[in-house]
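Student: Sequence unavailable; structure follows:
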């Protein structure tokens, strides 16, 4: 059901309510019945009003139905209505109401489903990997989820910025530096002299060779760094190794067809004094205390759900990892991003309450639920019925580029968003390579390609399709496909609100299934020219909306396969 049709029906229901129960002001919710045979749209408004109106809900529902069916403006929208259960009202739309989606699709094209600009700024921070190795499949899931959410919110009128937060400070960076130093000194990963917490992938040797060769490397947003070749200078090794791996991650992201708008370095939070400023402000506000030689934040008093107070500055010196995160989110807020989404692994769940507590303690007017979080589980990769764990390049895990090389970018992007982010996911390499109905991305892309094959056979112009007699589309499978297309804008809006890119993947699979079912039951290339043109128009509209949906996931829509 299109948005304007929902608004029209809601207004008529509201008018009926005002006529029957003048003092009532119910929340009118229109939903699609769970069982398609029950109708096209339903409301429980009579059940809401029954008690305050002191009326039987079914009788009240019948009075509402009588009012609506007597309204002349509803004749082209509602064909019938019936009462179900304790007082649900199930409406059936007219064929014309279903067919109304086609002019919308032809008029709006690529923009069908999009909303006007809202002037609201949104930052989505994702991937944000430590520059200590290639991006792994967990980062790939973040990349797919993050970019899909950015595309979704852009379609809903938000001004979206993609940001990559580099954790370029801390013990992991130190471990990277000493790992490269060891390989440059000729110490093998299996040697007892190799650092206990060192990184052992082949890429460490690549960095060591480049450092000894005094090569120059640069990252997407930084100045070139030239190696000194001095294996005793750990600071030089650290700076070169981080830049080298940032460059490697840039290549990974390029393979994923993903471009970030901004890169933010954790180290800058210290050099710019942001971390110290946050600690000082929280202390002056009375939200910290000293105990056991450490500085603590009173997170339990800041109403964000933390179960105990948290250490900010450790006894031995140095801040715990959530403190720079607080400073970082202050930066986001001050840059005008009053809507922010973080996409992180489920292992970051414990930091949510701490970061939000720190932000609340600063009393800057930041909402208590800022930022929003999407937490994803890790990915298990299977091939030939066995789990794939090892990548020679990375040393101990499958990389993002491994996946892209094995199955292609489209399959990687779609597969990694087709389930809820927090659900465990098995990436089946064999399934992703198969050309069958079981492979969802192939099934959907094939529907798009099949549609374009049909359109090529009809040789009809876009103008002819747009001017077709849509009233001829009355077969049950045609009505079902028209319903599916009309759902698309509301589905996009809901997916954005729920931070749920998988809803787009579900819808695409259902739409492809409806299209294939219709194609198999109703011929397009019939002798009746008007009917052929109308069905070709439905074919073209379906192809357009499938392409729009695939674009929201960063997946291509091939015209031939």
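Tutor: Structure's in. What do you need? Model, not experiment: these values are computed from the prediction.
Student: remind me which residues of the stretch 251-400 of the chain are low pLDDT?
Tutor: 390-396 (pLDDT under 70).
Student: now the helices for it?
Tutor: With DSSP state H, counting those that start in this stretch applied, the stretch 251-400 of the chain shows helices at 266-271, 274-284, 322-334, 351-361, 400-407, listed in chain order.
Student: Same check on the stretch 101-250 of the chain?
Tutor: 101-108, 137-155, 171-184, 202-212, 234-255.
Student: would TSV of those helices with distance to residue 114 and mean neighbour count be doable?
Tutor: C-betas here are computed from N, CA, C, even on glycine. Formatted as TSV, the helices of the stretch 101-250 of the chain follow (distance: least, Cβ to Cβ, whole Å; neighbours: other Cβ atoms under 10 Å):
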stretch	distance to residue 114	mean neighbour count
helix 101-108	8	19
helix 137-155	5	24
helix 171-184	41	21
helix 202-212	41	20
helix 234-255	26	20
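Student: and those helices as TSV, adding distance to residue 530?
Tutor: As requested, those are exported to TSV (distance: least, Cβ to Cβ, whole Å):
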stretch	distance to residue 530
helix 101-108	14
helix 137-155	34
helix 171-184	67
helix 202-212	63
helix 234-255	48
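Student: give the contact list for residue 138.
Tutor: If a contact means Cβ atoms under 8 Å, 6 or more residues apart in numbering, then residue 138 has 345, 376, 378-379 as its contacts.
Student: distance of it from residue 68?
Tutor: 52 Å (Cβ to Cβ, to the nearest Å).
Student: repeat for residue 197
Tutor: 70 Å.
Student: Give me the more crowded residue out of those two.
Tutor: Neighbour count, other Cβ atoms under 10 Å: between residue 197 and residue 68, residue 68 has more, with 20 against 11.
Student: backbone phi and psi for the more buried one, please?
Tutor: phi -70, psi -40 (degrees, to the nearest 10).
Student: Retrieve the pLDDT associated with it.
Tutor: Residue 68 is assigned 97 on the pLDDT scale.
Student: if I pick it, what's in contact with it?
Tutor: Applying Cβ under 8 Å, 6+ apart, the residues near residue 68 are 9, 12-13, 16, 74, 78, 81.
Student: In the chain, where's the longest helix?
Tutor: Longest helix in the chain, counting residues (DSSP state H): helix 529-552.
Student: Farthest pair within the contacts of residue 68?
Tutor: Distance extremes for the contacts of residue 68: the farthest pair is 16 and 78 at 12.1 Å, using Cβ to Cβ.
Student: Nearest to residue 439 among the contacts of residue 68?
Tutor: residue 9 (38.8 Å).
Student: quick one: what helix or strand has the closest one in it?
Tutor: helix 3-20 (DSSP states H and E).
Student: which one is residue 412 nearest to, not counting chain neighbours?
Tutor: Leaving out its chain neighbours, the residue that sits closest to residue 412 by Cβ to Cβ, 6 or more residues apart in numbering is residue 403, at 4.8 Å.
Student: Make sure the one you found is actually in contact with residue 137.
Tutor: Yes. The pair residue 403 and residue 137 qualifies as a contact (Cβ atoms under 8 Å) at a distance of 6.2 Å.
Student: Spit out the residues that contact these two alike.
Tutor: 381, 427.
Student: Where do the strands of the stretch 1-150 of the chain begin and end?
Tutor: With DSSP state E, counting those that start in this stretch as the criterion, the stretch 1-150 of the chain has strands at 41-43, 78-84, 88-93, 121-125.
Student: Looking at these, which one is packed in the most?
Tutor: strand 121-125 (a mean of 23; mean count of other Cβ atoms under 10 Å).
Student: Helix 322-334 and that one, what's the angle between them?
Tutor: Angle of strand 121-125 versus helix 322-334, following axes from the mean of the first three to the mean of the last three Cα atoms, to 10 degrees, is 150 degrees.
Student: what does strand 121-125 contact?
Tutor: Contacts for strand 121-125 (Cβ under 8 Å, 6+ apart): 146, 149-150, 153, 158-165, 332, 335-343, 371.
Student: circling back: ok, of the contacts of residue 138, which come out buried?
Tutor: 376, 379 (16 or more other Cβ atoms under 10 Å).
Student: What is the longest helix of the chain packed up against?
Tutor: Other elements packing on helix 529-552 under the criterion 3 or more Cβ pairs under 8 Å, 6 or more residues apart in numbering; DSSP states H and E are helix 101-108, helix 137-155, helix 440-458, helix 462-466, helix 476-497, helix 502-521.
Student: With mean pLDDT and distance to residue 327 as extra columns, can I get the ones you listed in TSV?
Tutor: Below are the helices and strands packed on helix 529-552 laid out as TSV (pLDDT from 0 to 100; distance: least, Cβ to Cβ, whole Å):
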stretch	mean pLDDT	distance to residue 327
helix 101-108	98	43
helix 137-155	97	22
helix 440-458	98	40
helix 462-466	97	53
helix 476-497	97	28
helix 502-521	98	33
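Student: and those helices as CSV, adding distance to residue 188?
Tutor: Listed next are the helices and strands packed on helix 529-552 as CSV, based on distance: least, Cβ to Cβ, whole Å:
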stretch, distance to residue 188
helix 101-108, 61
helix 137-155, 27
helix 440-458, 42
helix 462-466, 65
helix 476-497, 50
helix 502-521, 44
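Student: so which of those comes closest to residue 547?
Tutor: helix 440-458 (6.2 Å).
Student: mind checking pLDDT for residue 133?
Tutor: Residue 133 is given a pLDDT of 88.
Student: Do me a favour and get the backbone dihedrals for it.
Tutor: Torsion angles, degrees, to the nearest 10, at residue 133: phi 180, psi 180.
Student: What's the per-residue pLDDT of residue 461 here?
Tutor: Value for residue 461, per-residue pLDDT: 97.
Student: Backbone dihedrals for it, please?
Tutor: Phi and psi for residue 461, reported as degrees, to the nearest 10, are phi -80, psi 160.
Student: OK, contacts around the residue nearest to residue 412?
Tutor: Contacts of residue 403 by Cβ under 8 Å, 6+ apart are 137, 140, 381, 412, 427.
Student: could you redo the last one with a cut-off of 7 Å?
Tutor: Contacts for residue 403 (Cβ atoms under 7 Å, 6 or more residues apart in numbering) come out as 137, 140, 412.
Student: and residue 450, which of the helices of the stretch 101-250 of the chain is closest to it?
Tutor: helix 101-108 (17.7 Å).
Student: Centre of the chain to the closest one, how far?
Tutor: 26 Å (Cα atoms, centre = their mean, to the nearest Å).
Student: Please work out which of the helices and strands packed on helix 529-552 is packed deepest.
Tutor: Mean neighbour counts were taken over the helices and strands packed on helix 529-552 using mean count of other Cβ under 10 Å, and the top value, a mean of 24, falls to helix 137-155.
Student: any idea of the angle it forms with helix 502-521?
Tutor: 80 degrees.
Student: now helix 137-155 against helix 234-255, angle please.
Tutor: Inter-element angle recorded for helix 137-155 and helix 234-255: 60 degrees (by the same axes, to 10 degrees).
Student: Indicate which one of the helices of the stretch 101-250 of the chain is closest to residue 276.
Tutor: Among the helices of the stretch 101-250 of the chain, if distance is taken as Cβ to Cβ, the winner is helix 171-184, at 20.2 Å.
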